[in-house]
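Engineer: When you get a sec, could you give me coordinates for this:
(one chain, ligands or ions: 2)
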Amino acid sequence: MQDKKPLGFIGKSVSGSWDSGTIAWNLCSRSTFGGSDEEVFKFAKDAFRSNVSIVVNCAGLLNEQTWKLCIQVNLIGSTIIARTAIEQFGKHNGGAGGCVILIGSVAGMSAAPHWPVYSASKHGVIGLTRGFGSPRQFKHHGIRFNCLSPAYVDTPMTKNKDAFLFKEDFTDSRELAKLALPPADVAAQIVKLTEDENQNGDVVVISTSRGVEKVEFPPMPLY
Ligand SMILES: NC(=O)C1=CN([C@@H]2O[C@H](COP(=O)(O)OP(=O)(O)OC[C@H]3O[C@@H](n4cnc5c(N)ncnc54)[C@H](O)[C@@H]3O)[C@@H](O)[C@H]2O)C=CC1
Ligand SMILES: CCCCC/C=C\C=C\C(=O)C/C=C\C/C=C\CCCC(=O)O
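Structural biologist: Residues are numbered from 1 along each chain as shown. Ligands and ions are numbered 1, 2, ... in the order given. Sure thing, here's the model as predicted:
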């Protein structure tokens, strides 16, 4: 993307507000609905040509009934975007580096009885972020990877109870809806993450109850 201006955000509500490109949307669509991996990567290469340096992948699906599709969109789609960004604008390939923002969820860090597969896919998105955003990777490709993980956001995703398990538990979601974040708050935080050169490999949670928090992961024993 040129001059730090995003080519496009995912989602019908905002897609008209930016220039015409919708790279991540096209990538996820193609990875989900059409073509081989080779074709998807070829499309991505063409789309990422010429000075792209910021990519935000917001496309996502919560549906425990179509759980394979959920993994395909959330985890495989994010993986294709991450890998293609590295290949296309990584410094190791003569590119200028840049930044990739993946959208996770607090469900990527908590037990989620009503959407376990969605939760697993978002745990995976966090793993991608931390691995590709590690100092060793950054030294190689010069691309910052960060993950913004929202709690409930007031979007169409939260209205489709048929997508959840035990949907009878959601008899009255109006109180919860009042506590959901406005999408604009999430968008503002995405922009901040693209701008802050000090953030890399980070998972940032945003919620109505606690605001914006960087997640601290415990050090793990390797043996
Ligand atoms: N709404 C919420 O409470 C939360 C949402 N999120 C995440 O935020 C992101 C945005 O979700 P929402 O706007 O809430 O949901 P949404 O359902 O309103 O929007 C999701 C968007 O993803 C696109 N999409 C889905 N499958 C696709 C595919 N195969 N190819 C291309 N595009 C596809 C849809 O067209 C839609 O525009 C997702 O990654 C979601 O997992 C994270 C935490 C909370
Ligand atoms: C009727 C209200 C529920 C709407 C939920 C819809 C979308 C959620 C998207 C997320 O990414 C999850 C956000 C926050 C909660 C995460 C985990 C809490 C435990 C979930 C569970 O009960 O299974």
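Engineer: residues in contact with residue 144?
Structural biologist: 97, 98, 99, 100, 133, 138, 197, 199, 200, 201 (CB atoms under 8 Å, 6 or more residues apart in numbering). Using the backbone N, CA and C atoms, a C-beta is placed for each residue, glycine as well.
Engineer: Out of those residues, name the ones that lie in strands.
Structural biologist: 98, 99, 100 (DSSP state E).
Engineer: my guess is the first one meets residue 86, correct?
Structural biologist: No - with contact taken as CB atoms under 8 Å, residue 98 and residue 86 are classed as non-touching, separated by 9.9 Å.
Engineer: Residues that sit against both of those two, list them.
Structural biologist: With CB under 8 Å, 6+ apart as the test, residue 98 and residue 86 both reach residue 143.
Engineer: Tell me who's in contact with the residue in the chain positioned nearest to ligand 1.
Structural biologist: Per CB to the nearest ligand atom, residue 60 is where the chain lies closest to ligand 1, at 2.2 Å. Neighbouring residues of residue 60 by CB under 8 Å, 6+ apart: 73, 74, 103, 105, 157.
Engineer: Spatially nearest residue to the third one, not counting backbone neighbours?
Structural biologist: Spelled out, it's residue 103. residue 58 (4.8 Å; CB to CB, 6 or more residues apart in numbering).
Engineer: what does the fourth one give?
Structural biologist: Once its chain neighbours are removed from consideration, residue 105 has its nearest residue in residue 122; the separation is 4.4 Å (CB to CB, 6+ apart).
Engineer: Over to that neighbour. Which of the three states is it?
Structural biologist: helix (DSSP: H, G, I helix; E, B strand; the rest coil).
Engineer: mind checking how far it is from ligand 2?
Structural biologist: 7 Å (CB to the nearest ligand atom, to the nearest Å).
Engineer: Next: residue 185.
Structural biologist: Note on residue 185: its distance to ligand 2, by CB to the nearest ligand atom, is 14 Å.
Engineer: and that residue, helix, strand or coil?
Structural biologist: helix.
Engineer: Pull up the gap between it and residue 208, please.
Structural biologist: 9 Å (CB to CB, to the nearest Å).
Engineer: hmm, the longest strand seen in the chain in reach of ligand 2?
Structural biologist: Counting by DSSP E, the longest strand found in the chain is strand 143-150. No - if you take CB under 6 Å from any ligand atom as the test, strand 143-150 misses ligand 2, and the best it gets is 6.8 Å.
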